[in-house]
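1. Kindly generate the corresponding structure for this input.
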Amino acid sequence: MTGSTKRESDLATNRWSKSFAAAALFALLLAACTSTPTKPDPPTVALDRVRILNIADGKASMSLVLRVTNPNSVELAVESIEYEIMLGGRQAASGRSARSSPLPAHGETTVELAGRVDVTAVATALMTLGSQLPVEYAFRGTVTLRDGSVLALSRKGEIPVARFDRLYGSRPQ
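-> The predicted structure follows:
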């Protein structure tokens, strides 16, 4: 092999290896981008209805209907929803869904949840409201998807109370 032929062969091998390396890097980046699933955003929850079914031994059985909204562009296949409600820092209610239907993309559905209420915690919250102070509440829960993913739910705030004077009725705050 002459000197110029060897150089041309080395240049061709060098170009081929750079092209191969670039193609391999591109394929690796493409695979990394497509194989990394993004976790969906958690749904938002609003209370629709509460129905007390019975009261026994300081606990009440209830049915809670939530309006659940999916902010994602894909349907969420929900396996179950678990929740806990705190009133004034005390656990007042907890429960779990019996079954759930899929949440449509950018849509909403209602979910009925069964639960138990601690009547003592609710009575304490009512006494706080009676003393004209707001009561803090917190709703925490999880949505478990059929693929095993778990999304956290949370909402907190205060239950306001209207100020009132015994003789004159309620007045704005």
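2. Distance from the longest strand belonging to the chain to the middle of the chain?
-> Scanning the chain for the longest strand, with DSSP state E as the assignment, gives strand 44-56. Centre-to-centre, strand 44-56 and its host chain are 19 Å apart (C-alpha atoms, centre = their mean, to the nearest Å).
3. Run through the neighbouring helices and strands of whatever helix or strand comes next after that strand.
-> Following strand 44-56 in sequence order, the next helix or strand is strand 59-69 (DSSP states H and E). Judged by 3 or more C-beta pairs under 8 Å, 6 or more residues apart in numbering; DSSP states H and E, strand 59-69 is in contact with strand 44-56, strand 78-87, strand 90-97, strand 108-118. C-beta coordinates here come from the backbone N, C-alpha and C atoms, glycine included.
4. Give me the below-cutoff pLDDT ranges for the protein.
-> Flagging of the chain using pLDDT under 70 yields the residue ranges 1-37, 98-99, 162-173.
5. Which parts of it belong to which domain?
-> Residue ranges for the domains of the chain, per automatic domain parsing: 1-36, 44-162.
6. which residues touch D48?
-> V65, L66, R67, T110 (C-beta atoms under 8 Å, 6 or more residues apart in numbering).
7. which residues touch the residue nearest to it when sequence neighbours are not counted?
-> Nearest non-adjacent residue to D48, counting by C-beta to C-beta, 6 or more residues apart in numbering: V65, 4.3 Å away. V65 is in contact with L47, D48, R49, V50, T110, V111, E112, L113, counting by C-beta under 8 Å, 6+ apart.
8. Now the buried members of the residues you listed.
-> By neighbour count, with 16 or more other C-beta atoms under 10 Å, the contacts of V65 hold V111, L113 as buried.
9. Closest one to L126 out of the contacts of V65, please.
-> Checking these against L126 with C-beta to C-beta, the nearest one is V50 at 14.7 Å.
10. so what's the closest one bridging to?
-> L64 (DSSP bridges).
11. That one reaches L64, doesn't it?
-> Yes. With contacts counted by C-beta atoms under 8 Å, V50 reaches L64, the gap being 5.5 Å.
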